[in-house]
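Asks: Below is the sequence, then the predicted model.
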Number of protein chains: 4
Amino acid sequence: MNGNRFGRMFQVTTYGESHGDAMGVTVSGCPAGLELEEADIQAELDRRKPGQSMITTSRGEPDAVEINSGVQDGYTTGTPIGMVIENKDARSGKYEPYVTAPRPSHGDFTYSAKFGTRNWGGGGRSSARETVNWVAAGAIAQKILTEYGIKAKAHVNQIGDIKAPPVTFEEMLEHTEENEVRCAHPETAERMRERIDEYQTEGDSIGGSIYFEARGVPAGLGAPRFDSLPARLGKAMFSVPATTSVEYGLGHEAREWRGSNRNEDWEFDEDGNPIPEGNTHGGLQGGITTGQPIYGEATWHAPTSIPKEQQTVDWETGEQKDIQVVGRHDPVLPPRAVPVVEAMLNITILDFMLLDGQINPDRLDDNPGQYETEYHPSSPQTN
Amino acid sequence: MNGNRFGRMFQVTTYGESHGDAMGVTVSGCPAGLELEEADIQAELDRRKPGQSMITTSRGEPDAVEINSGVQDGYTTGTPIGMVIENKDARSGKYEPYVTAPRPSHGDFTYSAKFGTRNWGGGGRSSARETVNWVAAGAIAQKILTEYGIKAKAHVNQIGDIKAPPVTFEEMLEHTEENEVRCAHPETAERMRERIDEYQTEGDSIGGSIYFEARGVPAGLGAPRFDSLPARLGKAMFSVPATTSVEYGLGHEAREWRGSNRNEDWEFDEDGNPIPEGNTHGGLQGGITTGQPIYGEATWHAPTSIPKEQQTVDWETGEQKDIQVVGRHDPVLPPRAVPVVEAMLNITILDFMLLDGQINPDRLDDNPGQYETEYHPSSPQTN
Amino acid sequence: MNGNRFGRMFQVTTYGESHGDAMGVTVSGCPAGLELEEADIQAELDRRKPGQSMITTSRGEPDAVEINSGVQDGYTTGTPIGMVIENKDARSGKYEPYVTAPRPSHGDFTYSAKFGTRNWGGGGRSSARETVNWVAAGAIAQKILTEYGIKAKAHVNQIGDIKAPPVTFEEMLEHTEENEVRCAHPETAERMRERIDEYQTEGDSIGGSIYFEARGVPAGLGAPRFDSLPARLGKAMFSVPATTSVEYGLGHEAREWRGSNRNEDWEFDEDGNPIPEGNTHGGLQGGITTGQPIYGEATWHAPTSIPKEQQTVDWETGEQKDIQVVGRHDPVLPPRAVPVVEAMLNITILDFMLLDGQINPDRLDDNPGQYETEYHPSSPQTN
Amino acid sequence: MNGNRFGRMFQVTTYGESHGDAMGVTVSGCPAGLELEEADIQAELDRRKPGQSMITTSRGEPDAVEINSGVQDGYTTGTPIGMVIENKDARSGKYEPYVTAPRPSHGDFTYSAKFGTRNWGGGGRSSARETVNWVAAGAIAQKILTEYGIKAKAHVNQIGDIKAPPVTFEEMLEHTEENEVRCAHPETAERMRERIDEYQTEGDSIGGSIYFEARGVPAGLGAPRFDSLPARLGKAMFSVPATTSVEYGLGHEAREWRGSNRNEDWEFDEDGNPIPEGNTHGGLQGGITTGQPIYGEATWHAPTSIPKEQQTVDWETGEQKDIQVVGRHDPVLPPRAVPVVEAMLNITILDFMLLDGQINPDRLDDNPGQYETEYHPSSPQTN
C-alpha cells in the first residue's frame, strides 16, 4: 500500500531517506535456526556501497549494519530481524536552492504532487540509497537459499552501445566481481569502463542493462495468475529505481519467434523425469517454475543527476532557472544495481519457497546441534 | 498469495478453468453510486470473445455475464459485485490422451509439479480463458475512470517481423477496433493479417506485442518504492498469460540513451504549472505519475498450442509420444489481449486513484438524483 | 479492506445481499487432492438453513450450492473453488416504506452514512444471510481438518436468563444437533425453547451465547503478536453479525483470578512430553496453541427485527414514524449461529495449519490412487 | 502473516525482544504535513514505562525514542517513520536455568513448539515489552486524530474483586492519570492499590480489566463484514498480551437483554439529523460506526510471572523442577496496559479514517504555512 513492504512470507519492511539519520529494514518470516551474524550482511552491503571506485558516487558511507533483534547466540529465533544502517555522510544542504524547483527527470516534482511536500535532501526516499535495505534483507534470503542449493547471480550486459556477448553462469560467478563495471566478460568490461569515463568527462551519464539468472530453483513455484513468479519478480524489478524494462527468457525478442521454434519438446532426463529440450522459456511455463534456470534482463535509464547545465522552473517565484546537479552521483546505474537485483531475486524466490511449503516457515530443519532449547511436539500427522 | 486476487482498494477475485462450468469474478471496492448494468460489461467481453474472426479460436462462447450482487436499481451499492460467465462450449475430452504427457511449453508440467495433479481440460486455469474475468472487472473500472477523464487504450504494434509505425492516441482510438488484428495503423494491420494467415496455414503460430497508453491520469499516483505505479502495473502485465517483456517510456532502448538526452527540462505550461518539455519518461518519475501520458509496451510469445507435430513424454508409461495440439486455438495472442491489457491498466489506475484519495472509496460524489436513500452525516472536518 | 475477504492461505471471498439474486463465495488456497462434492457442502448449509423450525425465520430458501470451478472428477485441483447459492425467496418489496427511515438498531443508518445509499432489501449485505457463504467455505475447511484429526464444535450455552451447565466435548457432539436450540444439554434446551416461545409470542426477541471448542489442534500455531491465534479468531468471531463479546479460556472471569490459581504447572504426559496440568489457559499461551483444546464463548445480542412497535424518523420527509419490522425473522440468533461459529473456527485453524507448514499448501499428501496425473519432481532437499 | 504488522493504510511494523538490543517500529502511511517531534512520542512512552511505581516492574528503562526517518524540519514527509527504542536494562542471564523447562503459563513452551527454539531472555518476543512499539506508533495516530476532534481514553475498571462504578468520559480524562492504578474513580483506585499490595506481598499476582471509549468518531467507518470496526478492533485488543475477553456495548451482558429493551428508537437531533435515543449499541451497528461513542471493555489475566513456588519439567533432562519466577515483574497488568489500549484504539480508528477517505492518505490538508515546497497539481475533478 505505502510502498515500503515487500514479500508475503518473507516480509521486508523498510524506512529511510538519502540524507536522513539512518536506513532501517525489518525482516519477518525468516525461519528460526539460521546461523546469522552481522558480517553475513555486511559482506553484501559492501558490494553495493558507494565510493568503491571512480565510477561510483564519492559519498563516504561505511554502511555498517547493526542487528537489533531476531538473532540469539548466533542463530535466528524466528522473530523479526530489525536492522539499522546509519547515514554518516549526509549533506542535504547541497540541495536547498532547488526546494521549489524540480530537478529534471528526478522524483522531485512527483513527490511534491503526491505529498504536498518533499524530502529535498538528495531526493529523500526516491533515492537509490533505499536499496541498501534490500541488500541487507537479501543477504539473509541468500543465506537460506544456499542451504537449498539455489544460487542467483547478475551481471552488467550492456552500457550504452557496448554489449557483452552471452556468458555462462560459471563465468558470471567467476568474473562479475573482478571489475568495477560488474560485467562477467572481462574484455567488454574494459570497454564499458572506458565508455563510462567518456560520459563522466562530458558531465553526462549513460544507461545500461543487467542480465540475471537463478539456478537450482525447484519446479512448481508460483501461483496462477496474479501471483505467478514472473508477476511478482516483475514487481520486484520495477521497484528498483530507474528500471525501464524487464524481460524473461526470449523477452522482447519473443515477438518475432514462431511457436514451432520457441516450443520445446519434452524428453526424459537421465533419471527418467520429463525435461524440456531447451530453455527458451526462461524457467517459467504458465507462470510457474519448470526447474530450469530462470533468466531475464532489465534496463536502467541513465542517472538523472548530471553536472551538465539544464533548465527548470521555480513554482514559488515563477522564474526559470539554470540547474546543475553537482552532488556526488553515479554516472551509470547497473554496476551498483547488480547486488540489488540479486537481492530482489533471492527475496522473491525465498518468499515462494516458504509459501509453497518447500521450506518450513517456522524453523529450518537441518541444523543439528543448535537447538539446545528445542522442543518439537509430535506433529499432528503422526498422532 | 494464491494468485486469484488483484488490487488493494479495487479488489478483483477470480475463479474458473478453461473447460469448467463457469468463470466468476468478485469486484469489491467499487464505490456506491455508479450507474451499472450487465450491458456495460458485456460490451467489453464481446471485444475479447473467441470466434470473432478467422484468426481467433473457433470456440463458440457467448460469454454472457450475469451480475449476482452489488447493483440495485441500476446503481452500485458499494458492496461486492459478483459476476458469473458460464462456459457453454467446453470440450475437455479433446485433451485426455495427454493427461500424463505434457504439451510442449504449456503449463501442463508446471501445474502438475505444483499441485500434484492438473486440470487437463484445455489447460484448466493456465488458460487465457481466465482473462474473461479481468475484462469484466476492467469494464467497471473503465466506467468510473471515464467520469474522471481518464482513458486507457492499447493496440497491436508488432506481429512477427511486421512492425507498425508510431501512431497518435487519437489514431489508436479511431482505428484499433476497425480490424481483426487490432492494429491502429490500417495498412500495417493488413500486412499483419496476411502474415498471421501464413503461419496459420503452416500449422504454426507467431509472437507479437502491444503498445499501451493512458491519458488523463493525475500527477502524484504511486508510492515509493514497492508500490510504485510501474511496479504494480508490471505485476499486472506479467500476470497476462504468455507475456515475456514489459517496458515503460523508452523501455529496452533506454540502455543506449545518455542522461542529457533523456532528461527533460521543466517549463511552465499555460496555467503556470511546471511541465516537462517531453515525455521520454513515460509519465513516471520516481515511480510516481507526472500527469503526462503513461505509455509502454509488452511482448507475447507465440501461442504454444500448434497443430504441427511435436514430441513429448508420458510419465506414466515412460514412453515418448508424438503430439499435435489440435484444439481450437489462436495463432497469435496480442489481438485478443488488447482488451485484457486495457482492463489491467484500468484496474491498476483506479486502484491507485482510490488508494491515494483521488476518488472517495465509499461513494462517487457527483451523481445527483440517484441517492434517494442518501444520508450523509456531517463530515468530521466540519464539526 | 473491503470486508469480504477472510484468511491468508485459505482465502474466502464473498458477495451477496439478503434479497439479491445470489450469494457467492470463492475459496482459494484449498490444496489439491481433497475429495469434494456439492453434497459435502450442502450438508453444512442445511444446518444453517432458514425455516428449519418455528424458532427460525420462515423464509423458504433451499440454499442449494453449485460448485463452478476448482473440482475435477471429484477432487480439488488446487485452483480456486467458486460456489454460488441462489436466493429463491427474496421479497424486498416488504422493506420499501423504510428506505429513508432507519429501523432501530439495524445497519440501515450506518450503511447510508458510509455508502450514501443502501441496499434496502432486508438489510442487503448487513444481513446474516451473508453467513451462508462462510458455512460453505467452512465445510471445505472442516473436511481437510478431519483428515488431520481436528474437530471444532459449538453449542448454545445461554439464552436470556437460561444457562446451560458445562458439558463435555462428547456431549456437544452427541446432543447439539438433536434439538432446535442447538444446546448440548437436553433439559436446558427444552427450557430455552420455552423461553424463546414466550419472547416470540410477545413480539420480542432475546440474546444468547455460544460455547465453542476445538480439539486436536497441534501445538505451535499462531504468530506473535498481531497474528496470534486469539487475535485472528477474535476477528473471525466479531465478523459474525450481532456478536458483542468474545472470550477465551477463563475469559471475562479471568479478571478475578489470582496468578497462582490460574497458572498451571508443567508435567510429563505418558509419552514424556511436557503437558500443563490443566486448561484454564484455553489452549493458548503467548497467543500460540499449546495442543490443549481451544475453547471460549461469544455473545449475540437479541435480533433487532421485532414486530413490536418502535419509533423512527424519516430523513427525507423530516417526520417521525411508527415502525414494526414484520419480515420473517429469527427471535434469537445463537441456534442458527452455531454452524457459522464452527465454520469460522475451521477456516481460521486451517489457515494457520497451512501458514505454519503443518499442511502442504499445494497438495494433500496422503490420498493414494487419485493422482493419475501426478508428477512430483524431486524436491530440492533431496537433490 | 508473521505477526509483526498491524493496519492497512496506517501500517505499523515492529521488532524487538524483551532482553535484546533494541525495540523498533516503522510507521508507514502517516500523511505528510503532521508536526511531529520525538517529544510527542516520548510523552506516551513515559506513561507506559516500567518503574513508575511500586506496582510496576523495577526494570530501569528510559524508553527513549529516536526517530530515524520520515520527519524533516519538524513535519512528517509522508514516507515511513522509523523509530528505535534501545533496551538499556536487559538482564537475560536471570532466565538461563529455565531454557529447557517452561515457566508455567508463559509462552515458553508454545514458542519452542513453533520455532523449535526460543528467545529465553525474559520471554523474548512474547513479552509485553513489545507494546512499547505500539505506544510509539499510537502517539502519532493520536496526534492526527486530535486534529479531527477524536479522542480515545481508557481506564482500569476492575482489579480482582474490586470494581469501579461507571464514570463519565470527562472523569476518565480528569482522573485516570492521577493514580498509579489508572482507575478514573479515585476511591476505587485506592482500594485497588491496597488489593494489589496484598497480592504482591503474597508473591502472587491478580487479573483485571479496562474500560475504553472513543469520542468524535464519525458515522460510517467500517466495512461489512470481515473488516467491520469491531472485528478489526477485536483483533487489535486480542493482540495485547494476556487479554482473555473483549466486549463492545452491552458486551457479555447482551445475552440477557431482550430486543425491545436493547433496540433504540431513532429521533432527530437539534440539527435535524437522525440520532439513536441511547447507546446500548456501543457506537456500532452492522459493524459500522453510528457516530455515537464507541465503548467496550477487555480483561487481562493475572501476570504469569510470580515469585511463588511452582512446578515445571525439563525436557532435556527429563526431570521435574521447582521454579520461582524472580525477575522484575508487574503484579497486575491493566494499569500499564491503559496506554497500550489507547494506542490500539487510535491506530485502528485512524486506519479506518484513512481507508474510508475521511483523511487524505497522502497529506494533511489544513496545515497552512508549512508547505514551503508544496506543489499541488490540479486535481482531476477540477480539470
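Replies: Good, I have the coordinates. Please read these numbers as outputs of a predicted model, since none were measured by experiment. Numbering: from 1, shown residues only, chains lettered A, B, ... in the order given.
Asks: Tell me the residue of the stretch 251-383 of chain A that sits nearest chain B?
Replies: A:Gly286 (2.1 Å; C-beta to the nearest C-beta). Glycine gets a C-beta too; all of them are placed from N, C-alpha and C.
Asks: From C:Gly70, how far off is that residue?
Replies: 17 Å (C-beta to C-beta, to the nearest Å).
Asks: follow-up on the earlier one: neighbours around the closest residue to the residue of the stretch 251-383 of chain A closest to chain B other than its chain neighbours, how many?
Replies: In this structure, A:Gly286 finds its nearest non-sequential neighbour in B:Gly107, 2.1 Å apart by C-beta to C-beta, 6 or more residues apart in numbering or on different chains. By other C-beta atoms under 10 Å in any protein chain shown, the residues close to B:Gly107 number 28.
Asks: B:Gly107 reaches B:Ser126, doesn't it?
Replies: Yes. B:Gly107 lies in contact with B:Ser126 (C-beta atoms under 8 Å); the separation is 3.3 Å.
Asks: Report the set of residues contacting both of those two.
Replies: By C-beta atoms under 8 Å, 6 or more residues apart in numbering or on different chains, B:Gly107 and B:Ser126 have these common neighbours: A:Pro224, A:Gly286, A:Gly287.
Asks: For the first one, give me the pLDDT.
Replies: Same thing as A:Pro224. We note a pLDDT of 92 for A:Pro224 in this prediction.
Asks: Look up phi and psi at it.
Replies: Dihedral angles of A:Pro224 (phi, psi; degrees, to the nearest 10) stand at phi -70, psi 130.
Asks: now the one 10 residues further on
Replies: Main-chain torsions, A:Gly234, degrees, to the nearest 10: phi -60, psi -40.
Asks: what number of residues lie near it?
Replies: The burial count assigned to A:Gly234 is 31, neighbours taken as other C-beta under 10 Å.
Asks: Go ahead and confirm it touches B:Met237.
Replies: Yes. If you go by C-beta under 8 Å, A:Gly234 and B:Met237 touch, sitting 7.4 Å apart.
Asks: Overlap in contacts, the two.
Replies: B:Val246.
Asks: one step back: out of the shared contacts of B:Gly107 and B:Ser126, flag the one nearest to chain D.
Replies: A:Pro224 (20.9 Å).
Asks: With chain B in mind, check whether the helix ranked longest in chain A reaches it.
Replies: Secondary structure of chain A per DSSP state H: the longest helix is helix A:334-355. Yes. Judged by C-beta under 8 Å from any C-beta of the partner chain, helix A:334-355 comes into contact with chain B at A:Leu355.
Asks: If you compare the directions of that helix and helix C:334-355, what angle comes out?
Replies: In terms of direction (axes from the mean of the first three to the mean of the last three C-alpha atoms, to 10 degrees), helix A:334-355 departs from helix C:334-355 by 130 degrees.
Asks: Do helix A:334-355 and chain D come into contact?
Replies: No. Using C-beta under 8 Å from any C-beta, helix A:334-355 stays clear of chain D, coming no nearer than 9.5 Å.
Asks: now do stretch A:64-71
Replies: Yes. With C-beta under 8 Å from any C-beta as the measure, stretch A:64-71 is seen reaching chain D through A:Glu66, A:Ile67, A:Asn68, A:Ser69, A:Gly70.
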